[in-house]
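Undergrad: Coordinates only, no sequence provided:
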């Protein structure tokens, strides 16, 4: 299943349900809500929370993996980091804040 984040300020951001729910949890929304809204007033805090989570994830990855934080040390498989998943949503929210329009999501 997919979660689609929408705003009139930019194109849609589409995520697998697991990843979309993780983003909702980070910004303080109920991960089990099938649809919802991030109001213009809530956008600065949501953007801040996502950026902080990205920085924490980068620091944790670097600490754990040392030389190559983008590769799973057990399998050698390229990882997709929280930053890679979150950046499109952060950009959507920043455009929405600039244009003073909300972000909605649904399945």
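TA: Received, thanks. In this text the structure is predicted, and so the values were computed from the model without any measurement.
Undergrad: where does this structure dip in pLDDT?
TA: In the predicted model of the chain, residues 65-72 satisfy pLDDT under 70.
Undergrad: Which residue lies nearest the spatial centre of it?
TA: With the centre of the chain defined as its mean C-alpha position, the nearest residue by Cα atoms, centre = their mean is residue 86, 3.1 Å away.
Undergrad: Tell me how many other residues surround residue 64.
TA: Here the neighbour count serves as a burial measure; for residue 64 (other Cβ atoms under 10 Å) it reads 9. All C-beta spots, glycine's among them, are computed from the backbone N, C-alpha and C.
Undergrad: Using neighbour counts, pick out the buried residues of the helix or strand where it lies.
TA: Secondary structure assignment for residue 64, by DSSP states H and E: helix 43-65. Residues of helix 43-65 classed as buried by neighbour count (16 or more other Cβ atoms under 10 Å): 43, 46, 47, 50, 53, 54, 57, 61.
Undergrad: Run through who's touching it.
TA: Contacts of helix 43-65 with the rest of the structure, by Cβ atoms under 8 Å, 6 or more residues apart in numbering, involve 23, 26-28, 38, 69-71, 73, 79, 81-83, 86-87, 89-90, 93-94, 96-97, 102-103.
Undergrad: Quick one: the helices in this structure, in order.
TA: Listed in chain order, the helices of the chain (DSSP state H) span residues 17-26, 43-65, 82-99.
Undergrad: Turn the ones you listed into CSV, including distance to residue 11.
TA: Conversion of the helices of the chain to CSV gives the following (distance: least, Cβ to Cβ, whole Å):
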stretch, distance to residue 11
helix 17-26, 16
helix 43-65, 17
helix 82-99, 8
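Undergrad: Tell me which of those sits nearest to residue 33.
TA: helix 17-26 (7.3 Å; Cβ to Cβ).
Undergrad: Tell me the buried residues in the closest one?
TA: 19, 20, 21, 22, 23, 24, 26.
Undergrad: same check, this time on stretch 76-95
TA: So for stretch 76-95, counting by 16+ other Cβ under 10 Å, buried means 82, 83, 85, 86, 88, 89, 90, 92, 93, 94, 95.
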